[in-house]
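K.L.:
Requesting a structural model of the entry that follows:
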Amino acid sequence: MKILLVAVNAKYIHSNPAIYSLLSYAGNYREFIETAEFTINHRKEYILQEIYKKKPDVLCFSCYIWNITYVREIAAEFHKLKPEVPVWAGGPEVSYETSAFLKQNPAFFGVMAGEGEVSFLAGKREKSFWRFQESYFGKPIRNGIHPVSARRRREYLWI
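P.N.:
Below you'll find the model as predicted:
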């Protein structure tokens, strides 16, 4: 399974520490994870093409105020090309009002809420999680076309 963590930064000189934090925290699962960084100055077609060429089994976006509109558009286009690939979102722009986000953005399969490292690794350990049809550790995901409401999750620490 190949998981692609995508960051769309505000400038070329900026880097997204979130995707590297997730990669670092993944431990033994690092071989299944790849990162890709772009900027909001890249054309959407270019980003879409680069993501498509990497052939991810799961696509995860890091979402912030400066890239959320861009990410939504790229995810929608990618979902048209590869509807079988679950697209996930995480970050401060999607961690609140998760059900509303999923209703407004049908291209996304789920939202990583809370501490990303814990949520991400919990999902990675359970390979079926990425296509699981219920709320798992409080991460709201789709059940058919309707988002599932998130339950408050307990803290899990995977060492």
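
K.L.:
the helices in the protein, which residues?
P.N.:
According to DSSP state H, the chain carries its helices in the segments 17-25, 44-54, 68-81, 98-104, 116-125.

K.L.:
give me every residue that touches residue 104.
P.N.:
Taking Cβ atoms under 8 Å, 6 or more residues apart in numbering as the criterion, residue 104 is in contact with no other residue. All C-beta spots, glycine's among them, are computed from the backbone N, C-alpha and C.

K.L.:
And the pLDDT at it?
P.N.:
Per-residue confidence at residue 104 stands at 92 (pLDDT).

K.L.:
So for residue 36, which of the helices of the chain sits nearest?
P.N.:
Ranking the helices of the chain by their distance to residue 36 (criterion: Cβ to Cβ) puts helix 44-54 first, at 6.4 Å.

K.L.:
picking that back up, just send the helices of the chain back as JSON lines, with distance to residue 9 too.
P.N.:
Converted to JSON lines, those look like this (distance: least, Cβ to Cβ, whole Å):
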{"stretch": "helix 17-25", "distance to residue 9": "10"}
{"stretch": "helix 44-54", "distance to residue 9": "11"}
{"stretch": "helix 68-81", "distance to residue 9": "10"}
{"stretch": "helix 98-104", "distance to residue 9": "21"}
{"stretch": "helix 116-125", "distance to residue 9": "17"}
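
K.L.:
Need the winner for burial among the ones you listed.
P.N.:
Mean neighbour counts were taken over the helices of the chain using mean count of other Cβ atoms under 10 Å, and the top value, a mean of 20, falls to helix 116-125.

K.L.:
model confidence over it, on average?
P.N.:
Helix 116-125 comes out at a mean pLDDT of 55.
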